[in-house]
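**Student:** Make a model of this:
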Amino acid sequence: MRQQFLMSSWKTASKLISSYFKKNWSIHDYPTECRQLSGQGLPGAGEEPFTWEARIINWYWMSGKGHTKQEAYAALQNSFEAYQAEGNELPRPGSKSGIVFTRVDQINYLEPEGIILFKEIFGMDYYGMFVSDESTLYDFCDSKEKIQRQIAKIQEKYGIRIEDITGLRIVGILERMREAGV
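**Tutor:** Numbers count the residues shown, from 1 in each chain. A predicted model of the protein is given here:
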């Protein structure tokens, strides 16, 4: 453990020092690490959960997951490039990055449907949790069986089908509810 900490610290310090000699940074200028996950996550749509995660050290939410180390690093690079393409300011390599919360514009717009869905389907107080535009049904169900039960419950209660909603995103479910006049 101590050896891993020292290696991580050395990587971080060397990338930080090197960053002062460049103006434009790429993913290769950042200290990264890869770790094997221990069966975390819930399989989605028949897929196996990811077993590897690559991340930028000290930039905690900049990560990528995959079934192999290579896939995880490729996903990390895609996340980094997407963040950069959106015009976001990159933190200096090796420095600590702050926490950035995901957007809530859509979920706020669909708040009335959210209140109904969480009360009637999950038995939860909508205001007692954080739900973002990226939240999915998987965030509120801990097994495939529970997801299938909730999908059936939503279909029975509101007369809407949601299986085709990408990632079973809550925003997509709420939009269907609004279209159906729930």
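
**Student:** for the chain, what spans make up the helices?
**Tutor:** 2-19, 69-85, 105-109, 111-117, 144-158, 170-179 (DSSP state H).

**Student:** Nearest approach to residue 92 belongs to which of those?
**Tutor:** Proximity to residue 92, assessed across these by C-beta to C-beta, is greatest for helix 2-19 (5.2 Å). Placement of C-beta: from N, CA and C, glycine included.

**Student:** which residue is nearest the middle of the chain?
**Tutor:** Nearest residue to the geometric centre of the chain (C-alpha atoms, centre = their mean): residue 134, 7.2 Å.

**Student:** For that residue, which non-adjacent residue is spatially closest?
**Tutor:** Leaving aside its chain neighbours, residue 134 sits nearest to residue 102 (5.0 Å; criterion: C-beta to C-beta, 6 or more residues apart in numbering).

**Student:** quick one: residue 151 and residue 163 touch, right?
**Tutor:** Yes: the pair residue 151 / residue 163 is scored as a contact, 6.4 Å apart, by C-beta atoms under 8 Å.

**Student:** Settle it for me: which of the two has more neighbours?
**Tutor:** residue 151 (19 against 9; other C-beta atoms under 10 Å).

**Student:** Could I get the contacting residues of that one?
**Tutor:** Contact partners of residue 151, counting by C-beta atoms under 8 Å, 6 or more residues apart in numbering, are 137, 162, 163, 168.

**Student:** Between which two of those residues is the distance greatest?
**Tutor:** 137 and 163 (10.4 Å).

**Student:** Which helix or strand in the protein has the lowest average pLDDT?
**Tutor:** Every helix and strand of the chain was ranked by mean pLDDT, DSSP states H and E. The lowest is helix 2-19, at a mean of 67.

**Student:** Give the buried residues for the longest strand anywhere in the chain.
**Tutor:** Across the chain, the longest stretch assigned as strand under DSSP state E is strand 59-66. Neighbour counts over strand 59-66 (16 or more other C-beta atoms under 10 Å) mark 59, 62, 63, 64, 65, 66 as buried.

**Student:** Distance check, the closest residue to the fifth one other than its chain neighbours against residue 75.
**Tutor:** By the measure of C-beta to C-beta, 6+ apart, the closest residue to residue 65 outside its immediate chain neighbours is residue 50, 3.8 Å from it. Here the distance between residue 50 and residue 75 works out to 9 Å (C-beta to C-beta, to the nearest Å).

**Student:** Residue 102 now?
**Tutor:** From residue 102 to residue 75 the distance is 17 Å (C-beta to C-beta).

**Student:** Looking only at neighbour counts, state which of these two leads.
**Tutor:** residue 75 (18 against 11).

**Student:** Now do the contacts for the more buried one.
**Tutor:** Contacts for residue 75 were tallied using C-beta under 8 Å, 6+ apart; they are 54, 63, 64, 65, 66.
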